[in-house]
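Asks: prediction below, plus the sequence it came from.
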Amino acid sequence: MKTATSRQLTSPSTSNQPPSRWVLPVIVFAQFACTSLWFAGNAVIRDIQREWQLADSVLGPVTSAVQFGFIVGTLTVALLTIADRFSPSQVFFACALAGAVSNLGIYLIGGNFTSLLLLRFLTGFFLAGIYPVGMKIAADYHEKGLGLALGYLVGALVLGTAFPHLLRSMTASLAWQSVILLISGLAVLGGLLILWLVPDGPFRRKSSRLNARAAFAVFQGRAFRSAAFGYFGHMWELYAFWAFVPFLLNTYTDRHPEVSLNVPLLSFLIIGVGGPACVLGGYLANRIGSARTAFWALLISGICCLLSFALFTLPPWLFLPLLFIWGMAVVADSPQFSTLVAQSAPKESVGTALTIVTCVGFSITIISIQWLNALAAVIHPSLLFLVLAGGPAAGLLAMRRR
């Protein structure tokens, strides 16, 4: 009797789980749907600027408000070990619902710069229970092949991040309020699918108590530090590049008035191409390993940073392909760094490890985004993105032994 009870406590039943082949697609779609909240404000920022009479310089603060909210959220989740002590699927659903409501607040109670920043901060805060918790759910279902699973998952994050730009491009005549409504509804749908179809995974190891020190204890391992610091270098570049893709395209058209570019559509495609790149990186990791895949992707994106000085002098047939290559390389390493973090962390602290590393990584994005935002007013655009090369260089240095 005692043995049977012990077995029930340590091996959760999978009788109520959907077929395993459906689990990853559901997680991927839900991740896409919920992370569409991330750049929802960026996609309609020009409309909001005109209607609320805001300054042209609000892009940086609005983007950083989401990042700062995400940082505070991930720090909270990590210190309270929420992803390891509570059902990840329930945490995901609750945060998807709260994030959708925060995003909807732009339409319902917005009207000035302060409320916009606060609502974007809250959206970022609740995204902390979506992105890293989604990776935790995937890790609970994939003891093997995690690199490929996270390739699909981060690919969904990329497409979700880019989706508001596509939606804005397809609905140019649609009021910005409708775009906000559609994205919030999509996030609710994603949360419900996780709650209904993805129960706790068979490889989940639940932490039984609060351990605030777990978020810092994970850094004691050398392999973990190598993966974490490689990820930090990658994050210096990633979101700054994403946030300034429309700036790159608009600056190019200003300098080449004979060239007409669909900026919202191209912004979606340049960011969104990173989604398939993450999946391809996952398959490559199955062959050569996550560490090598991450290293080469980080190297290529670093080279793109160095080549950025010549971007605005290139003809369109070279300018756009270089941006697409950059859009692929800049994020293809992300799921592999997360895989290395998850594999090198203690089993009972995987959720906390993923969350604290994500927290630090996104803290770095605020610095790089704000730095680019400030430098854009004082230096030539051809020099602006050279400052991003320091991130890949530091990440490659951290990964050199792997």
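Replies: Alright, I've got the coordinates. What you see is a predicted model; the values in this text were computed from it and never measured. Numbers count the residues shown, from 1 in each chain.

Asks: and the strands in the stretch 251-400 of the chain?
Replies: Assignment of strands within the stretch 251-400 of the chain using DSSP state E, counting those that start in this stretch yields no ranges at all.

Asks: for the helix or strand harbouring Ala98, name the packing helices and strands.
Replies: Assigned by DSSP states H and E, Ala98 belongs to helix 88-108. Contact analysis of helix 88-108 by 3 or more CB pairs under 8 Å, 6 or more residues apart in numbering; DSSP states H and E lists helix 20-35, helix 40-43, helix 113-127, helix 131-141, helix 176-197 as its packing neighbours. All C-beta spots, glycine's among them, are computed from the backbone N, C-alpha and C.

Asks: looking at these, which has the lowest confidence?
Replies: Lowest mean pLDDT of the helices and strands packed on helix 88-108: helix 40-43, a mean of 83.

Asks: and the contacts of that helix?
Replies: 48, 59, 62-63, 66, 103, 106, 116, 120, 123, 164-165, 167-168, 179-180, 183, 243, 246, 264 (CB atoms under 8 Å, 6 or more residues apart in numbering).

Asks: then stretch 168-184?
Replies: By CB under 8 Å, 6+ apart, the list of residues contacting stretch 168-184 reads 36-37, 40, 43-44, 47-48, 51, 100-101, 103-104, 106-107, 163-164, 167, 262, 264-265, 268.

Asks: repeat that for stretch 374-383.
Replies: 57, 60, 247, 251, 308-313, 384, 387.

Asks: quick check: which of the helices and strands packed on helix 88-108 is nearest to Leu396?
Replies: Between Leu396 and the helices and strands packed on helix 88-108, the shortest gap by CB to CB is with helix 131-141, which sits at 23.1 Å.

Asks: test my guess that Gly190 contacts Gln31.
Replies: Yes: proximity of Gly190 to Gln31 meets the contact threshold set by CB atoms under 8 Å, at 7.3 Å.

Asks: ok, now which ones touch the residue nearest to Ala228 when sequence neighbours are not counted?
Replies: The spatial neighbour of Ala228 that comes closest, neighbours along the chain excluded (CB to CB, 6 or more residues apart in numbering), is Val357 at 5.0 Å. Residues touching Val357, when contacts are defined by CB under 8 Å, 6+ apart, comprise 227-228, 231, 338, 341.

Asks: now stretch 100-116: how far from the chain's centre is it?
Replies: With CA atoms, centre = their mean, to the nearest Å as the basis, the distance from the averaged C-alpha position of stretch 100-116 to the chain average is 22 Å.

Asks: and the closest residue to Leu320 other than its chain neighbours, how many residues sit next to it?
Replies: Computed as CB to CB, 6+ apart, the closest residue to Leu320 that is not its neighbour in sequence is Leu266, at 7.4 Å. Neighbour count of Leu266, defined by other CB atoms under 10 Å: 20.
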